[in-house]
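S.K.: the sequence isn't on hand, but the structure is:
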């Protein structure tokens, strides 16, 4: 039997935990409202997103363009993005590494369905005004051998 | 491209975040246990609920009566009410505005199913003894054009 | 109508709430990664788990053996364990009683499905080094009359 490894990691304060959860609750309200401009503003100006299919956007302009192109598929569909099992890790440069599970519920004329689950790794940075913003996001589809 | 709006809002402390989450965990334990009296006690005496279909109850007496009328449909069914993407906002009168997503899992003889997703807006008040209670609740069904 | 009962219970601090949530986020990352040894290390050496079917394991050795026996059923399947409606209650001996809902999403070649929902009662203890570990876990399947 192996020696138990030490599990200790830097403790996240309750204030930071609440702040990060609140940041995501706001960011996802905008995503689910299809408020593309508002969603893009929760990223840094050069924010980067790597999607599960390998697609990638860099910067707010590219992000809003890509989201506008996807808008038609949300016609008549309402989404709820749920995040769970959040892990927050302070990074060397003062940024925050945040990892979480996602579950996306979709409601259309046929009722409720779910998109596949994903695991997401974000880097959040604190802007001069004090706000958090997402600097990078890597989305990984859960699946056999891709955890 | 629009100027990024300032995202800053009053910070919610970790203590308040934990208290509100704990309040809902207890309130929903009672709902899922079909403890109607216990559930009603988590509302103020004049607590008001506006349901997604426009139905409305005012005060604990009306609330418990309406819940008792719905009891037969939960025969042989067990529910779990999940809340997500919680947003807490202090209001002018010391009350708390809280908004969240809901997902309700139901287990019966046929297995697991889900009710439609909702977005809920609560007003919580602190009673003289220090307890939080729900003063009003507005439940909105997620769906195309109703976000 | 009954007198409203006093709802007050010992307040959980934001720091403790964040610590416990983070503990589970790490524990479940290991479960979902099928990291059996790593998962077992999040339990005390004599940690006990009572499963919904009445089966029971005592100690890390028995736990890892039982998990290895279940491994084949996770071939080609990826899981996400979600926890919700967490309730933390300090116990007399300094341990923590934690209760939560679980929802387990599974992705395989056929897409997304869910395991039945459970309600879990844990006892967490703080090890000399300061880490939390699970000393006991009782898993109850949600279902009619078994809440």
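M.R.: Alright, I've got the coordinates. Keep in mind that this is a model prediction, so the values were computed, not measured.
S.K.: can you map out the helices along chain A?
M.R.: For chain A, the helices defined by DSSP state H cover A:14-32, A:36-40, A:60-70.
S.K.: which single residue of chain A ends up nearest chain C?
M.R.: residue A:14 (2.1 Å; C-beta to the nearest C-beta). All C-beta spots, glycine's among them, are computed from the backbone N, C-alpha and C.
S.K.: picking that back up, need the helices of chain A in TSV with mean pLDDT, can you?
M.R.: As requested, the helices of chain A are arranged in TSV below (pLDDT from 0 to 100):
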stretch	mean pLDDT
helix A:14-32	97
helix A:36-40	96
helix A:60-70	95
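S.K.: of these, which approaches residue A:86 most closely?
M.R.: helix A:14-32 (6.8 Å; C-beta to C-beta).
S.K.: wait, which of the helices of chain A is closest to chain B?
M.R.: Once these are compared by C-beta to the nearest C-beta, helix A:14-32 is nearest, at 2.1 Å.
S.K.: how about that closest one, does it get close to chain B?
M.R.: Yes: Helix A:14-32 lies within reach of chain B by C-beta under 8 Å from any C-beta of the partner chain, at A:14-19, A:21-22, A:24-26, A:28-29, A:32.
S.K.: thinking again about what came up before, what's the neighbour count on the residue of chain A closest to chain C?
M.R.: Residue A:14 has 23 neighbours, counted by other C-beta atoms under 10 Å in any protein chain shown.
S.K.: go on, residue A:118?
M.R.: 21.
S.K.: which residues touch the residue nearest to it when sequence neighbours are not counted?
M.R.: Nearest residue to residue A:118 in three dimensions, chain neighbours excluded: residue A:102, at 4.6 Å (C-beta to C-beta, 6 or more residues apart in numbering or on different chains). Residues in contact with residue A:102 (C-beta atoms under 8 Å, 6 or more residues apart in numbering or on different chains) are A:81, A:82, A:83, A:84, A:117, A:118, A:119, A:120, A:139.
S.K.: so which of these sit within strands?
M.R.: Per DSSP state E, strands hold the following members of the contacts of residue A:102: A:81, A:82, A:83, A:84, A:118, A:119, A:120, A:139.
S.K.: can I get these in CSV including pLDDT?
M.R.: Below are those laid out as CSV (pLDDT from 0 to 100):
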residue, pLDDT
A:81, 98
A:82, 98
A:83, 98
A:84, 98
A:118, 96
A:119, 97
A:120, 98
A:139, 97
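S.K.: let me know the closest of the residues you listed to residue C:53.
M.R.: Using C-beta to C-beta, those come closest to residue C:53 at residue A:84, 25.2 Å.
S.K.: do I have it right that that closest one meets residue A:104?
M.R.: No: using C-beta atoms under 8 Å, residue A:84 is not in contact with residue A:104; the gap is 11.8 Å.
S.K.: quick check: the residue of chain A closest to chain C touching residue B:13?
M.R.: Yes: between residue A:14 and residue B:13 there is a contact under C-beta under 8 Å: 7.3 Å.
S.K.: common neighbours of the two, please.
M.R.: Going by C-beta under 8 Å, 6+ apart, residues that sit against residue A:14 and also against residue B:13 are residue C:14.
S.K.: residue B:44 versus residue A:118, what's the distance?
M.R.: Residue A:118 is 40 Å from residue B:44, where distance means C-beta to C-beta, to the nearest Å.
S.K.: spatially nearest residue to residue A:67 (excluding sequence neighbours)?
M.R.: Nearest to residue A:67 is residue A:36, by C-beta to C-beta, 6+ apart, at 4.6 Å.
S.K.: show me what contacts residue A:82?
M.R.: Under the criterion of C-beta under 8 Å, 6+ apart, the neighbours of residue A:82 are A:102, A:103, A:104, A:105, B:84, B:85, B:101, B:103.
S.K.: over to residue A:21?
M.R.: Counting by C-beta under 8 Å, 6+ apart, residue A:21 has contacts A:86, B:17, B:86.
S.K.: neighbours around the last one, how many?
M.R.: By other C-beta under 10 Å, the residues close to residue B:86 number 18.
S.K.: equivalent analysis for the second one, please.
M.R.: By other C-beta under 10 Å, the residues close to residue B:17 number 22.
S.K.: ok, it - contacts?
M.R.: A:14, A:17, A:18, A:21, A:22, B:86, B:88, C:14, C:17.
S.K.: what residues are up against the third one?
M.R.: Think residue A:18. Contacts of residue A:18 (C-beta under 8 Å, 6+ apart): B:11, B:12, B:13, B:14, B:16, B:17, B:18, C:14, C:18.
S.K.: buried residues, stretch A:78-91. List them.
M.R.: Across stretch A:78-91, burial judged by 16 or more other C-beta atoms under 10 Å in any protein chain shown covers A:78, A:79, A:80, A:81, A:82, A:83, A:84, A:85, A:86, A:87, A:88.
S.K.: before we move on, back to that, look up how far residue A:126 lies from the residue nearest to residue A:118.
M.R.: Distance of residue A:102 to residue A:126, computed by C-beta to C-beta: 23 Å.
S.K.: residue A:119 now?
M.R.: Taking C-beta to C-beta, one finds residue A:119 at 24 Å from residue A:126.
S.K.: between those two, which one's more packed in?
M.R.: Counted by other C-beta under 10 Å, residue A:119 and residue A:126 do not tie: residue A:119 has more neighbours, with 21 against 13.
S.K.: now the more buried one: closest residue in space, sequence neighbours ignored.
M.R.: residue A:140 (5.0 Å).
S.K.: surely that neighbour meets residue A:118?
M.R.: Yes: contact criterion C-beta under 8 Å: residue A:140 and residue A:118 qualify, at 6.2 Å.
S.K.: anything in contact with each of these two?
M.R.: Listed contacts common to residue A:140 and residue A:118 are residue A:52; contacts here mean C-beta under 8 Å, 6+ apart.
S.K.: residue A:13 - how many residues pack around it?
M.R.: Neighbours of residue A:13 (other C-beta under 10 Å): 16.
S.K.: wait, I meant residue A:12
M.R.: 21.
S.K.: and the pLDDT at it?
M.R.: Confidence at residue A:12, expressed as pLDDT, is 95.
S.K.: that one contacts residue A:86, correct?
M.R.: No: using C-beta under 8 Å, residue A:12 is not in contact with residue A:86, being 9.3 Å away.
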